[in-house]
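# any chance you could fold what I've pasted below:
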Amino acid sequence: MSPTQRFLADAVLPVDEPGRILTPGAVDVVDGQITWVGATSEAPELNEVVEHRVGGLLMPGLVNVHCHSPMTLLRGIGEGLPLMRWLTEVMWPREAKLDADDVGWGMRLAAAELLTYGVTTTCEMYLWPDAVAQAASEAGLRSVVTPAVIDAPGWERFGSWEQQAYAAVEMASRYQGHPLIEVGIGLHSAYTVPVEGLELAAALAIENDLLLHIHVAESQNEDAGVREQHGVSVPQLLADRGVLDVKRVLAAHCVWMSDEDLDLFAANDVAVAHCPQSNAKIASGTARLADMISRGIRVGLGTDGPASNNNLNLWEELRLAPLMARLRDLDAQAISAPLALELATRRGADALGRQDIGSLQPGRQADMIRLDLDDLAFVPFTEAADLISHLVWSAGSRAVTDVWVGGAQVVANRACLTVDVAEARAQVNARASALAGGG
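Numbers count the residues shown, from 1 in each chain. I've put the predicted structure just below:
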């Protein structure tokens, strides 16, 4: 066993129980896993300890529960279009030209962006999933990769929706036990896959104990279209076809949900990826976040892809989520600052069904971020509760200076150590230009 790595900080925010702050605090790490967290004065005496006096604030890395990160290649296209026009007129035609190298470079650039913002885990749904996984792994970014299963123009080169589903299972078997990569099934949506595809994906997810990741009721048109075709809401259709029987279902967006739909999700323990910024940008609507949480639905935050956001800054989501919830419900107490922080960390991990990340607790992975408490956003600091308030409402990603994933440092002094950012920037620029010009 390696010697204990002890991280000493001016403050530690474990996000293990509401409001707990250690000032000063320490986190002990052995072989990438947390072994002890507590006040510095209570740190256990050990024979072999390597101390890292990092100062500042240590807290869990953020968990992005819904993204299409390689869309860095497509950032900014289709501005001002609603969801279906954006997909059919702009996104799918451009994505039909992408090859594995394009996606790999798009993911590398995205990984650097995510990591420098303090995101240590991301849940991805995209094409060329092996390229996504490889790039994320090389960058030291913990990822849940869910290969897309979809029947859409340009996706025929990956085979039928049936072949795509079986390919996801095969990929999951290859990555089993990987230290950074988990593979699930990315069932795109109820409107891009026939009902037989919903049934197959559900059966395969159950048989192989895989996460099933799906877009649900993102737009009003989607809800209306499914009702017209099948006579029921999207959640009810998924229930009727066995999708909600899957042990781990992660439903992205969930904007157009009735009380009955929410109750159905709660009864089946379906998790939700809430993406307020993307939903606002495409004018899809505002999800019923407070109602979801009051029903006990597991909810995490997602940026969605950088073509519909247009960045990968999860701090903006954890600020916007409570703001929009309060505005929607006309209730200034709808979502508190501590709860918002949980949505981006521990509750996000719960939404993925992961108990090994999301908080600084013994037995969990040492996915940690350091923030600069000298940032002006933390002034004034008169009591412990100010720290969480300033984190959510004032500071954000600009205060993130250092990042560790599984105890390995991937960002130091705001610079990504694991990605050649200059090369990734040049590659994505060149490839995006070729895509735009038809090259």
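# contact partners for the residue positioned nearest the centre of the chain?
By C-alpha atoms, centre = their mean, the chain has its centre lying nearest to Asn64, at 1.7 Å. Contacts for Asn64 (C-beta atoms under 8 Å, 6 or more residues apart in numbering) come out as Leu114, Val119, Thr121, Thr122, Cys123, Leu301, Gly302, Thr303, Leu312, Leu314, Gly348. In this view, the C-beta of every residue, glycine as well, is placed from N, C-alpha and C.
# with adjacent residues omitted, what lies nearest to the first one?
Going back to what we said before, that points to Leu114. Leaving out its chain neighbours, the residue that sits closest to Leu114 by C-beta to C-beta, 6 or more residues apart in numbering is Leu312, at 5.0 Å.
# which residues of the stretch 1-150 of the chain fall in helices?
For the stretch 1-150 of the chain, the helices defined by DSSP state H, counting those that start in this stretch cover 83-85, 92-95, 100-116, 129-139.
# so which of those is nearest Gly25?
helix 100-116 (23.0 Å; C-beta to C-beta).
# returning to what we had before: name the SS class of the residue nearest to Leu114, please.
The assignment at Leu312 comes out as coil when based on DSSP: H, G, I helix; E, B strand; the rest coil.
# burial measure for it, as a count.
29 (other C-beta atoms under 10 Å).
# verify the stated contact: it with Pro306.
Yes. Between Leu312 and Pro306 there is a contact at 5.7 Å, judged by C-beta atoms under 8 Å.
# one step back: list the contacts of the residue nearest to Leu114.
Applying C-beta under 8 Å, 6+ apart, the residues near Leu312 are Asn64, Cys67, Ser69, Ala110, Glu113, Leu114, Tyr117, Val119, Thr303, Pro306.
# which residue packs closest to the residue nearest to the centre of the chain, ignoring adjacent ones?
Thr122 (4.4 Å).
# so in terms of bridging, what pairs with the one you found?
Asn64, Ser143 (DSSP bridges).
# OK, contacts around it?
Residues counted as contacts of Thr122 (C-beta under 8 Å, 6+ apart) are Val63, Asn64, Cys67, Ser69, Leu114, Ala136, Leu141, Arg142, Ser143, Val144.
# state the distance from it to Leu141.
6 Å (C-beta to C-beta, to the nearest Å).
# quickly list what's touching both of those two.
Leu114.
# for the residue nearest to Leu114, give me the pLDDT.
On pLDDT, Leu312 comes in at 98.
# how close does it get to Leu250?
18 Å.
# does Ala203 touch Val243 like I think?
No. Assessed by C-beta under 8 Å, Ala203 is found out of contact with Val243, at 9.8 Å.
# how far does the helix-or-strand element of the chain with minimal mean pLDDT sit from its chain's centre?
Taking mean pLDDT, DSSP states H and E as the measure, the chain has helix 83-85 as its least confident helix or strand, at a mean of 86. Centroid separation between helix 83-85 and its chain, computed with C-alpha atoms, centre = their mean, to the nearest Å, is 23 Å.
# buried residues, that helix. List them.
Judged by neighbour count using 16 or more other C-beta atoms under 10 Å, the buried positions of helix 83-85 are Leu83.
# begin at 874 from here
All right, first residue 874 from here; so that's helix 956-958.
# show me what it is packed against.
helix 1093-1103 (3 or more C-beta pairs under 8 Å, 6 or more residues apart in numbering; DSSP states H and E).
# sorry, back to before: who's more crowded, Ala1076 and Val1116?
Val1116 (27 against 15).
# show the contacting residues for the nearest residue to that one once chain neighbours are set aside.
Spatial nearest neighbour of Val1116, excluding adjacent residues (C-beta to C-beta, 6+ apart): Ala1075 at 4.6 Å. By C-beta under 8 Å, 6+ apart, the contact set of Ala1075 is Leu1085, Arg1114, Gly1115, Val1116, Asp1118, Val1119.
# gap between the residue lying closest to Pro1052 once chain neighbours are set aside and Leu1014?
Nearest residue to Pro1052, sequence neighbours excluded (C-beta to C-beta, 6+ apart): Gly1279, at 6.7 Å. To Leu1014, Gly1279 is 11 Å away according to C-beta to C-beta.
# cool, and Ala1239?
15 Å.
# out of those two, which sits in the busier spot?
Leu1014 (31 against 25).
# and for the closest residue to that one other than its chain neighbours, the neighbour number?
Nearest residue to Leu1014 in three dimensions, chain neighbours excluded: Ala984, at 4.6 Å (C-beta to C-beta, 6+ apart). Other residues near Ala984 number 31, with proximity taken as other C-beta under 10 Å.
# now swap in Asp1082 and tell me
11.
# which ones are touching the closest residue to it other than its chain neighbours?
Sequence neighbours aside, Lys1120 is the residue nearest to Asp1082 in space, at 6.7 Å (criterion: C-beta to C-beta, 6+ apart). For Lys1120, the contact set (C-beta under 8 Å, 6+ apart) comprises Ala1078, Ile1079, Asp1082, Gly1226.
# my guess is the first one meets Asp1118, correct?
No. Using C-beta under 8 Å, Ala1078 makes no contact with Asp1118, being 9.1 Å away.
# look at these two and report which has more neighbours.
Using other C-beta under 10 Å as the criterion, Ala1078 and Asp1118 rank with Ala1078 on top: 27 against 15.
# the helix or strand that contains the more buried one vs helix 1093-1103, what angle?
Using DSSP states H and E, Ala1078 sits within helix 1068-1081. Angle of helix 1068-1081 versus helix 1093-1103, following axes from the mean of the first three to the mean of the last three C-alpha atoms, to 10 degrees, is 100 degrees.
# need the strands for the stretch 1074-1223 of the chain, in chain order.
Secondary structure of the stretch 1074-1223 of the chain by DSSP state E, counting those that start in this stretch: the strands cover 1085-1089, 1122-1126, 1144-1147, 1172-1174.
# need these in TSV (columns: mean neighbour count, mean pLDDT and distance to Ala1063).
As requested, these are arranged in TSV below (neighbours: other C-beta atoms under 10 Å; pLDDT from 0 to 100; distance: least, C-beta to C-beta, whole Å):
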stretch	mean neighbour count	mean pLDDT	distance to Ala1063
strand 1085-1089	28	98	7
strand 1122-1126	27	98	11
strand 1144-1147	28	98	16
strand 1172-1174	28	98	20
